[in-house]
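[1] return atomic coordinates for the entry below.
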Amino acid sequence: MQKIINVLAVTSFAVSAAIAGAVGYVYVNQDAIVDEIQSQATSMIKDAVGGAVGDLPSLMGGSVDQAPSGIPAVGSPGSVLPF
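    Numbering: from 1, shown residues only. A predicted model of the protein is given here:
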């Protein structure tokens, strides 16, 4: 009976050490893990969208940095505030 309890204690210690090691690894490498996930998500989104977004500035009649000329800026005279 004592041998069974000792085996369970050693197994419990090994599992606890493995969990602590995994948590430590993730904590130390969290920046690299986040960057990898972001790059994978970005590539998946680019593949899903395809070339449709590339044509958007030419369809709007200007560059992405410019606001369309017919829409007044928020807070300018004549603009409608949402409240």
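
[2] quick one: residue 5 and residue 19, what's the gap?
    For residue 5, the distance to residue 19 (Cβ to Cβ, to the nearest Å) stands at 21 Å. In short, each C-beta sits where N, CA and C put it, glycine included.

[3] following the host helix or strand of residue 4, which helix or strand comes up?
    Residue 4 is part of helix 2-28 when elements are defined by DSSP states H and E. Downstream of helix 2-28, the next assigned helix or strand under DSSP H and E is helix 30-49.

[4] send the alpha carbons of that following helix over as CSV?
    What follows is helix 30-49, C-alpha atoms only, in CSV (Å, rounded to 0.1, in the frame of the first residue of the first chain):
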residue,chain,number,x,y,z
GLN,A,30,4.6,35.4,-24.6
ASP,A,31,5.7,38.2,-26.9
ALA,A,32,6.9,35.7,-29.6
ILE,A,33,3.8,33.6,-29.2
VAL,A,34,1.5,36.7,-29.7
ASP,A,35,3.5,37.9,-32.7
GLU,A,36,3.3,34.5,-34.3
ILE,A,37,-0.5,34.3,-33.8
GLN,A,38,-0.9,37.8,-35.2
SER,A,39,1.1,37.0,-38.3
GLN,A,40,-0.9,33.8,-38.9
ALA,A,41,-4.2,35.6,-38.4
THR,A,42,-3.1,38.4,-40.7
SER,A,43,-2.1,36.0,-43.5
MET,A,44,-5.3,34.1,-43.1
ILE,A,45,-7.4,37.3,-43.4
LYS,A,46,-5.3,38.4,-46.5
ASP,A,47,-6.0,35.0,-48.1
ALA,A,48,-9.7,35.2,-47.3
VAL,A,49,-10.2,38.7,-48.6
